[in-house]
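the following block contains a protein sequence and its predicted model.
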Amino acid sequence: MTVTESGSNEVTVPEGHVAFSIDGVSMTAEKGTLIIRAAEQLGIEIPRFCDHPLLDPVAACRMCLVEIEGQPKPQPACAIPVGDNMVVRTQRTSKVADDAQKGVMEFLLLNHPLDCPICDKGGECPLQNQAMSAGRAESRFEGSKRTFPKPINVSAQILLDRERCVSCARCTRFADEIAGDAFIDLLERGAQQQVGISEDTPFDSYFSGNTVQICPVGALTNARYRFRARPFDLVSVPTVCEHCASGCSLRTDVRRGEVQRRLAGDEPEINEEWNCDKGRFAFPYLTEDRITHPLVRDDNGDLRTASWPEALGMAADALTAAVGSAAVLTGGRLTSEDAFAYSKFARTILQTDNVDFRARPHSAEEADFLRSVVAGSEGPTYTDLQSAPAVVLVAFEPEDESPIVFLRLRKAVTKGTTKVYAVAPWASPGLSKLGATVLAAGPGQEIQALAGSEDVMQALRQPGAVLMVGERAATAPGLLSWAAQTAADTGARLAWVPRRAGERGALEAGLLPGMAPAAWGELAAGVGFPGVIEALVTAAEPEEALVPVPDPEAPESASTEVVPVEDEEPEPPFRALVLAGFDPRDVPDGAALVEGFAQVPTVIALATHHNDATRAADIVFPVAAVTEKAGSFIDWEGRRRPFPQVFRESLILSDAGVLAAIADEMLQDFGPADPIALRAEASTAQPATRPDRPSVAGAGARETSAGEAVLSTWRQLVDDGSMQAGEPYLAATARPAVVRIGPANAADLGISDGDPVTLTGTTGSVTLPALITDMPAGVVWAPGNSGANLVADLGVTSGDTVRVSVGRTS
Amino acid sequence: MPLTPVITAHWDQPDSFTLEGYRRNGGYSALAKAFEMGPDAVIATVKDSGLRGRGGAGFPTGLKWSFVPQNDGKPHYLVVNADESEPGACKDIPIMLANPHALIEGIIIASYAIRADHAFVYIRGEVPHVIRRMHAAVREARAAGYIGDNIAGSGFNLNLVVHSGAGAYICGEETALLDSLEGRRGQPRLKPPFPAVAGLYACPTVVNNVETIANVPYIVNNGVDWFRSFGTEKSPGFKVFAVSGHVQRPGIYEAPLGIPMAELLEYAGGVREGHELKFWLPGGSSVPMLTAEHLDLPLTYEAMAEAGSMLGTGTPMVFDETTSVVRAVTGWLDFYKHESCGKCTPCREGNWFIHDLLHRFDQGRGRSDQLVVLDNVCGQILGRSFCALGDAAATPFPSAMKYFADEFEAGTTTPSSVAFDPAASTVFSEVKA
């Protein structure tokens, strides 16, 4: 933009720009710039309702009418691009424009109920504000207003008050253009025009909450926030979403020490102005059922409340005795600072390399992949996705597993020329909305499908192409090796997209064996989740060889040669376990792992909420939730996303704070535990990485026998996840849990849509209605944690075989 | 000025609507001529003829056709707007009833000219008999080889679809019509892009009125000079005038453009016996009203504009002194309020406002200061709405005020039904028991 002094004619017009004037100020702007945007650059605000910079113009509300010299009628500034030598006069200098706007404002208020005192939008309402700035003091309308029944549900979460609606169509355009979920549309005509849903098809979009945020009046409200606060009573804090690795900026609005609502933050490079409903509504868990005091196991074996000094003292004694024989297992939701604190505590205080953050299905190949390819890498960004000629998705369903990646991909597809390819067992709604070319493949068949597709390989060779791999790839042997090799061969940029917000940060903090910074000294090679599970679960199973079998043929004297059984207890696999935000229901064999705690003298858990692990632990410390501490996450791009402490008066210690306190009790120097110091220290203590890419051969699809199928699964965005607890309205918008099964297999079983199908794994079963879906034979799909947690309840994950039977099992 | 029946020339024959009847009177002879001329020459001919759109706006037809980009690799479409819904307009419906093959021949020629191989006729849904007749005519034409592949050995292919609307005035607006035709809710689209560039299914599309297209075979057959021998320089040709209201013989009168309303009124037998003209509208309720002083003006696009009105659809409505202007205007606003599509604020809310105020005057409950508000509100709609529907709705009141302000003043005390007996203006008012 170039602005010159008023009246000056000397304007240099750069290539591709046009010169024009607004309210007498000469300026230039890129060709195609809308008048309303050009005016914003000058600081001139033209009132508007339907205009939204991220939506296509409709020019429906007519609020932004301006005068353009040579045009007989006032024109909508939101829809007309600036032209060469165009002379624009806004309401500031043109009576025509001012009159037009005042007229439109009078009309807008005609049928509006003016119920501001009871409206959630009151105080932050563009209609209210612009009625003040561009409206008449009094209405001349004396007739009766159009009325509608007060709010109706368009989904369990979203309520619609049609009387307040000004028909700007922002919501319907968002649903159609951005989310691709055109579940709401305008119905009827004239003043009866209203937003509505199709009968029996509620607005169950993962992104529905955005419509509430962009509604310029109080027509759309959400059940979570409705009547909870007035905007002017709220304190707003810019935060970052903790739900997934998308890295969204949020605005957290709090009142009386409680989060009242969360809004999408404006972050053009990441989430633009959108977020998903999980990020927006799933926050009641922050206050519900928290662990509030340290707990220790008493003589009866029960957990009892303990004072901090007592619990810290016990923990310090136990850990002092466990130096060199401990393991630190974390969930994937730590801030990167806390993750670094665990990494440092394990290596420098506990003197162990037994660390891991992958509380989910994982593999040794994955650990190698993460250490060699992902850690410290500069991956593609959201902007790169938008300009990529092709994006290939492997073991990754973006709408469910990283919804903002989905939105950006959709933008790339609808506004740009990006082509999306995906290897998946079926064309999910998300993939369909991306117009993705789906290479149908069940677990284990991915490499064959990808490598066999000349289209995909060609696409990957284009400059700027991106290969995106989800965390589920760990369950398909060889897939991560193939991805790393293929990226290297084709020049495609590789992105690893974990589901949880803390995983990339934990990796960068070195929370995997073999990643300790050299500065922390030499340590014996440690084990991660696989090793710990093996030690506590597999090794604990009784082995026949350990029981001496008496040999009746042996001479009596030989018995004296039998080594007498020692009285001493055998050395435990670990003297202590430190668990951080770890839920055993997330990992394979989690229940057995908890049983294995019995072999460990001391299990210390740091957690915000109870789960099977904290209940089985010997010492439990409460830690700060994401609103009670500052920190940062590292999103899938590798970009740091720092956030401040929302509740600044909170005295709850962060994980790092508890670790430092334990270290103090151990008379060890942990160093400062505040996030800024930890971040600074982490930047100098670079984790060691391993140079070699994994080279595991693909195993192919698992063999199945009659009545069995290979399970494909991922977690739906809205499901039974523990961080979605306490939000029934969100839960009610979840996609229904079904078992998807191919037509041939369905025919074999004699089932049709809706019939109950039971999947049985190693530890349990789940019965869900069938949905016959176009997918490879021998594969079934079920959501990972909707109705049943497949890993915890069935003991299976993607790629495992399950027994498939019709109807319910007794 | 004599009547010049061209499109309506053979409507007195019992089979004018059949293929046989049409062919007997020289029908489908223009087609071969057009194929011989080539598409560009057809466009040039229509351009030179000066034919202007008969749907109301009067845009030059040949110019519209020439906007269609050629050799762009996209399919082109011709869409005939047969959604005749304007209050008072009744000319396209009779054309389709009595001479559907002139329309079909025009469609083939126009499609050939703009290189469209797919044409649509969008007929309002309330006239099933007309839709049936068009279906039958298209069937006949298809059987005769005028529609389909390689028409008359020309190598030109055309598919023609007759589509019925669902009853919305807004679907007469060309872009709303296209949305409706695509299966969407009929609401006007943001322009640009104009339909000639991105119309139906985002492809170049020409949208023409029924009467406009029905003119085409006659122009091709008889030439530019013949066509220009009718009408005026700026409004050449003839027009199917549909005269309605308080006249002796309401009906269709095809006459050269430029015929004064007085003459047309004579053809229609004059105002009903014992009554005198109060006001008239040249082309539907959406154009400003005129009075007896304007009767001698030629009915052309330019003369009507000069008099402060518009030729519109060329379907004059005549009202005698029994008519309450307040009631007439209120009735029209009932229509516009009901038909406003709701997309833009001025039309959606403004019509609600005008409607409320007009009913006060119609019921004798108005206040003088509300006349100022009414005028002001109409001004807040005119030129600020998304499409012409809002402009149309804002037209009747100001033009009525111009000539009949006293009647609105009376509306502050007297209901229109008291000032003007509604029964007196009905067609059966003279009938005594």
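Looks like it arrived, so ask away.

residue A:67 belongs to a helix?
No - judged by DSSP: H, G, I helix; E, B strand; the rest coil, residue A:67 forms no part of a helix; its state is strand.

and it, how far from residue A:40?
Residue A:67 is 18 Å from residue A:40, where distance means CB to CB, to the nearest Å. (Glycine included, C-beta is placed from N, CA and C.)

what does residue B:250 give?
On the measure of CB to CB, residue B:250 and residue A:40 end up 57 Å apart.

which one's more surrounded, these two?
More crowded of residue B:250 and residue A:40, by other CB atoms under 10 Å in any protein chain shown: residue B:250, with 18 against 15.

how near is the residue lying closest to the more buried one once chain neighbours are set aside to residue B:99?
Using CB to CB, 6 or more residues apart in numbering or on different chains and skipping residues adjacent in sequence, the residue nearest residue B:250 is residue B:244, 4.7 Å away. Residue B:244 is 20 Å from residue B:99, where distance means CB to CB.

so for those two, which residue has more residues nearby?
Using other CB under 10 Å, the more surrounded residue of residue B:244 and residue B:99 is residue B:99, with 26 against 17.

what sits against the more buried one?
B:7-8, B:10-11, B:16-17, B:22, B:214 (CB atoms under 8 Å, 6 or more residues apart in numbering or on different chains).

look up which helix or strand residue 112 falls in, please.
Answering for chain A, as no chain was given. Counting by DSSP states H and E, no helix or strand carries residue A:112.

actually it's chain B I care about, not the one you picked
According to DSSP H and E, residue B:112 maps onto helix B:100-114.

and the next helix or strand past that helix?
Next element after helix B:100-114 (DSSP H and E): strand B:118-123.

so which elements touch that following strand?
Helices and strands touching strand B:118-123, by 3 or more CB pairs under 8 Å, 6 or more residues apart in numbering or on different chains; DSSP states H and E, are strand B:77-82, helix B:100-114, helix B:128-143, strand B:159-164, helix B:174-181.

could I get the ones you listed as TSV with mean neighbour count and mean pLDDT?
Below are these laid out as TSV (neighbours: other CB atoms under 10 Å in any protein chain shown; pLDDT from 0 to 100):
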stretch	mean neighbour count	mean pLDDT
strand B:77-82	28	98
helix B:100-114	28	98
helix B:128-143	17	97
strand B:159-164	18	97
helix B:174-181	24	97
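
what's the closest of those to residue A:587?
Closest of these to residue A:587 is helix B:174-181, at 53.5 Å (criterion: CB to CB).

pull the residues that contact the closest one.
Residues outside helix B:174-181 that contact it (CB under 8 Å, 6+ apart) are B:79, B:81, B:83, B:120, B:122, B:163, B:165-166, B:168, B:170-171, B:185-189, B:191, B:195, B:199-200, B:205, B:207, B:341, B:387.

the longest strand along chain B pairs with which strands, parallel or anti?
Criterion DSSP state E: the longest strand present in chain B is strand B:238-245. Paired strands of strand B:238-245, with direction, are strand B:251-256 (antiparallel), strand B:317-320 (parallel) (DSSP bridges).

in JSON lines, list the ones you listed along with mean neighbour count.
As requested, the strands paired with strand B:238-245 are exported to JSON lines (neighbours: other CB atoms under 10 Å in any protein chain shown):
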{"stretch": "strand B:251-256", "mean neighbour count": "19"}
{"stretch": "strand B:317-320", "mean neighbour count": "22"}
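
save the ones you listed as CSV, and put in mean pLDDT too.
Formatted as CSV, the strands paired with strand B:238-245 follow (pLDDT from 0 to 100):
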stretch, mean pLDDT
strand B:251-256, 97
strand B:317-320, 97
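
reformat the ones you listed as JSON lines; add distance to residue A:321.
What follows is those, written out as JSON lines (distance: least, CB to CB, whole Å):
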{"stretch": "strand B:251-256", "distance to residue A:321": "107"}
{"stretch": "strand B:317-320", "distance to residue A:321": "103"}
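
up against chain B, what does chain A have?
Where chain A comes near chain B, counting by CB under 8 Å from any CB of the partner chain, the residues are A:57-63, A:65, A:72-74, A:79, A:99-100, A:103-104, A:106-108, A:110-111, A:140-144, A:146, A:166-167, A:185-193.
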